[in-house]
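Asks: I would like to see how this sequence folds:
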Amino acid sequence: MNEALPAIGFQRQERVAFGFWVYLMTDLISFAALFAAFSVLRGSTFGGPDGADLFNLPFVFAETMLLLVSSFTCGLAVLAAEQNKQPRALIWLAVTFLLGGGFLALELNEFSRLVAEGNGPQRSAFLSAFFALVGTHGLHIAVGLLWMAVVALVIWRRGLSSKNFSNLLRLGLFWHFLDIVWIFIFTIVYLMGVL
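Replies: Coordinates of the predicted model:
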């Protein structure tokens, strides 16, 4: 991470950083549209179950804690990399990966339980909106886990160059973004759904 970037390399890194921020903003707009659709369709159960009938709040709280702790450990990985402590950064990335994988496993378990009980996305507009919103977040988590594995492998093989640190920093921002989105999902979908 101590290597200096030539002027052209620095300009490229700035363009990459700007492009990443543009991507995050477009992702934010996509999630806003999914939240809007869910809010409009929340009461469209077509005589079927609603959130109070379907959601297991302690189970979702466990999911939430896994994701919140994974966001913290991801931050620790970035801090370790900033201090040029490669082994520690890789350990924290591995912990983050395990916590994120646990979150995704619980989410898939919830989806499979709902579908097995006959409460899949085709049951009602409410469930279609639920699966679209929460499923999109889960897809982002899966992509984030894949990205995390690649970043960890590159750091393990090539060390903490400034480019690798920059990639880790963007991964951290993406992971924190998903954490913030999940807090809104937990509040709007689950907490308000059981009230």
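Asks: What are the boundaries of the helices in this structure?
Replies: Taking DSSP state H, the helices of the chain run over residues 7-41, 51-54, 57-82, 86-116, 125-158, 162-185, 192-194.
Asks: Now tabulate the ones you listed in CSV and tack on mean neighbour count and mean pLDDT.
Replies: To be clear about C-beta, it is placed using only N, CA and C from the backbone, and glycine gets the same treatment. Shown next, in CSV, are these (neighbours: other Cβ atoms under 10 Å; pLDDT from 0 to 100):
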stretch, mean neighbour count, mean pLDDT
helix 7-41, 13, 87
helix 51-54, 15, 95
helix 57-82, 18, 97
helix 86-116, 18, 98
helix 125-158, 18, 98
helix 162-185, 19, 95
helix 192-194, 16, 93
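Asks: Surely Phe103 is in contact with Leu68?
Replies: No - when contacts are counted by Cβ atoms under 8 Å, Phe103 is not listed as touching Leu68 (9.6 Å).
Asks: any residues in contact with both of these two?
Replies: Common neighbours of Phe103 and Leu68, using Cβ atoms under 8 Å, 6 or more residues apart in numbering, do not exist here.
Asks: Output stretch 159-175 in CSV with nothing but the alpha carbons.
Replies: Presented in CSV, the C-alpha positions along stretch 159-175 are these (Å, rounded to 0.1, in the frame of the first residue of the first chain):
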residue,chain,number,x,y,z
GLY,A,159,-0.3,-8.1,-1.1
LEU,A,160,-1.8,-4.7,-0.1
SER,A,161,-0.9,-2.5,-3.0
SER,A,162,-2.7,0.8,-3.3
LYS,A,163,-4.9,-0.6,-6.0
ASN,A,164,-5.9,-3.6,-3.8
PHE,A,165,-6.5,-1.3,-0.9
SER,A,166,-8.7,0.8,-3.1
ASN,A,167,-10.7,-2.3,-4.1
LEU,A,168,-11.1,-3.3,-0.5
LEU,A,169,-12.3,0.2,0.4
ARG,A,170,-15.0,0.1,-2.3
LEU,A,171,-16.0,-3.3,-1.1
GLY,A,172,-16.3,-1.9,2.4
LEU,A,173,-18.5,0.9,1.2
PHE,A,174,-20.7,-1.5,-0.7
TRP,A,175,-21.1,-3.8,2.3
